[in-house]
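Participant: Quick one: sequence plus predicted model below, questions after.
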Amino acid sequence: MMLTFSARTFLFRALRHLLLMAGALVFLAPFIWMVLTSLKPMDEVFTRELTLLPTRLALVENYTEALTRVPLLRYLWNGLLVCTAILVLQIVVLLPAAYAFAKLQFRGKTWAWRLVLLALMIPHQATAIPTYVMLHHLGMLNTMSALIVPFSISAFGIFLMRQFFRTVPDDLVHAARLDGMSEFELVWRVMLPTAVPALFAFAIFSVVWHWNDYFWPLLVISSPELATPPLGTMFFRNEEAGINYGPLMAGTVLITAPLLLLFIAAQKRFIEGVTLTGVKG
């Protein structure tokens, strides 16, 4: 018997949602396991039987130890300070640069834009050693500046905002110039308010990247008091007793939670910004 159009549509939607839910479960499984492990006592973390829920709740012990064994709150503050400073410096640089690439004509513009695209293709790890040597000669190793300065210019941010600025009508720019605005004023008084959705999207990318970065802080930071959250998890290791995975997972939950809350709060703006930056090539 042939299915009606409405029945086929319902089956297609049901199948699509089942596939999406299965994919979401695959991605969420490690996070679910991390949260549940943070609630288990040590003797339940490694057992012969696969148990999802703890038989004895160790929430208070694990989270208390996560906050007291290492200065986790200090690491969270360091991460917040580093991510905020990097984001502010990136915005100060990328907005005028993106505006220039999108709305101005100048000699060497094509080659300059090609260099920006080339910078997008070079991974940060490829330039880590030259940057490390340069910071050593400048006496900036083992300082907050070593975590911030190398990332103050974002080729990805310039690319993203340039794509957005190309969607801004030229008539708006011409009208601002007729009102006597300089190019610098135009960037911060006209283009910046229109770019808020795209800036939200870029801010999410920037904060998530630098909050989770383990490689670069491990390379340039040697003092525990300057450690960022991912680097701070390394200090949960106990050479004599080994690793207590309950407090370690509790600390990881506390480190991951700010990113999750940030994305939930800015989800609408993030999707809007990513959509708008892809309207015009």
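Facilitator: All right, it came through fine. Since the model is a prediction, treat every value here as computed from it, not as a measurement.
Participant: what's in contact with the helix or strand hosting Met249?
Facilitator: Secondary structure from DSSP states H and E places Met249 in helix 245-265. For helix 245-265, the surrounding residues in contact (Cβ atoms under 8 Å, 6 or more residues apart in numbering) are 31, 34-35, 37-42, 45, 58, 61-63, 65-67, 69-70, 72, 75-76, 79-80, 204, 207-208, 211-212, 229-230, 232-233, 236, 270. The way it works is simple: take the backbone N, C-alpha and C, and place the C-beta from them, glycine included.
Participant: Find the centremost residue of the chain, please.
Facilitator: Central residue of the chain (Cα atoms, centre = their mean): Val208, 1.5 Å from the mean position.
Participant: Could you double-check that Ile148 lies in contact with Gly79?
Facilitator: No: in this structure Ile148 lies outside contact range of Gly79 using Cβ atoms under 8 Å: 11.9 Å.
Participant: okay, the two: which has more neighbours?
Facilitator: Gly79 (26 against 19; other Cβ atoms under 10 Å).
Participant: So what would you say the end-to-end distance of stretch 173-193 is?
Facilitator: From its first residue to its last, stretch 173-193 covers 13 Å (Cα to Cα, to the nearest Å).
Participant: how's this protein carved up into domains?
Facilitator: For the chain, the domain assignment from automatic domain parsing gives the residue ranges 5-64, 71-277.
Participant: Worst mean pLDDT among these?
Facilitator: Lowest mean pLDDT of the domains of the chain: domain 5-64, a mean of 84.
Participant: so where do the helices sit in the stretch 101-250 of the chain?
Facilitator: Listed in chain order, the helices of the stretch 101-250 of the chain (DSSP state H, counting those that start in this stretch) span 109-121, 128-137, 144-148, 155-165, 170-178, 183-186, 192-194, 196-211, 215-220, 229-232, 245-265.
Participant: re earlier: can you list which of the contacts of helix 245-265 are found in helices?
Facilitator: Among the contacts of helix 245-265, the subset assigned to helices under DSSP state H consists of 31, 34-35, 37, 42, 45, 61-63, 65-67, 72, 75-76, 79-80, 204, 207-208, 211, 229-230, 232, 270.
Participant: Buried subset of those residues as a ChimeraX selection?
Facilitator: To isolate the buried subset of the ones in helices among the contacts of helix 245-265 in ChimeraX, counting by 16 or more other Cβ atoms under 10 Å, use the following:
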select :34,37,42,45,61,62,63,65,66,72,75,76,79,204,207,211,229,230,232,270
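Participant: Tell me, how many residues neighbour Leu178?
Facilitator: The number of residues packed near Leu178 is 8, by other Cβ under 10 Å.
Participant: what about it, distance to Leu172?
Facilitator: To Leu172, Leu178 is 11 Å away according to Cβ to Cβ, to the nearest Å.
Participant: Then Leu248?
Facilitator: As for Leu248, its distance to Leu172 is 52 Å (criterion: Cβ to Cβ).
Participant: Those two - which one has more neighbours?
Facilitator: Legend: neighbour count by other Cβ under 10 Å for Leu248 and Leu172, higher for Leu248 (21 against 14).
Participant: how far away is the more buried one from Leu59?
Facilitator: Note on Leu248: its distance to Leu59, by Cβ to Cβ, is 15 Å.
Participant: now do Thr51
Facilitator: Applying Cβ to Cβ, the value for Thr51 to Leu59 is 16 Å.
Participant: Next: Thr9.
Facilitator: If you go by Cβ to Cβ, the gap between Thr9 and Leu59 works out to 45 Å.
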